[in-house]
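Visitor: following is a predicted model, sequence given first.
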Amino acid sequence: TTEEQVHGCMKLLEEFGSCTVEKDQMCVVRRKSGFAPGVGGAGGYADVKLLVYADLGVHKAFDGTELPLRIVGEVQLILEGYMKVKNKMHLVYEVHRGSFDRDAKAIQE
């Protein structure tokens with residue numbers, strides 16, 4: 001149910017929010033909520049995005065050089081109903097940003 005999804009997302013937010021680099025080798029750097037007051041999502045879409053920093057340790061390269069593995073990645077928390085909207089909106093988004101402009105020019109030439 002939607003209520004169960006919301007509960008699960010809230011639990012994930014709580015767990016991510018309690019992470020520290022010292023304890024978990026990761027932490028939330030930024031949180032952006034499409035559900036926040038005054039935020040209007042296109043087409044009725046909303047999600048919560050977390051920018052997460054993770055220290056993955058060290059990688060030993062073929063020559064013995066040790067390289068630190070640190071990344072920043074985005075985690076999206078999306079309710080099922082919003083995911084359906086997002087999937088339908090994706091083509092419109094790609095057209096709007098011009099993803100197909102090059103293909104259209106190639107066809108015209």
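Guide: Looks like it came in fine.
Visitor: quick one, helices of the chain?
Guide: 2-17, 21-24, 80-97, 101-108 (DSSP state H).
Visitor: and the ones you listed: which comes nearest G73?
Guide: helix 2-17 (11.9 Å; C-beta to C-beta). Quick note: C-beta positions are derived from backbone N, CA and C, even for glycine.
Visitor: what stretches of this protein score poorly on pLDDT?
Guide: Within the chain, the segments meeting pLDDT under 70 span 40-44, 102-109.
Visitor: want to throw the helices of the chain into JSON lines with distance to V39 and mean neighbour count?
Guide: What follows is the helices of the chain, written out as JSON lines (distance: least, C-beta to C-beta, whole Å; neighbours: other C-beta atoms under 10 Å):
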{"stretch": "helix 2-17", "distance to V39": "16", "mean neighbour count": "12"}
{"stretch": "helix 21-24", "distance to V39": "29", "mean neighbour count": "10"}
{"stretch": "helix 80-97", "distance to V39": "13", "mean neighbour count": "13"}
{"stretch": "helix 101-108", "distance to V39": "29", "mean neighbour count": "9"}
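Visitor: can you list those in CSV and add distance to G57?
Guide: Conversion of the helices of the chain to CSV gives the following (distance: least, C-beta to C-beta, whole Å):
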stretch, distance to G57
helix 2-17, 20
helix 21-24, 12
helix 80-97, 33
helix 101-108, 40
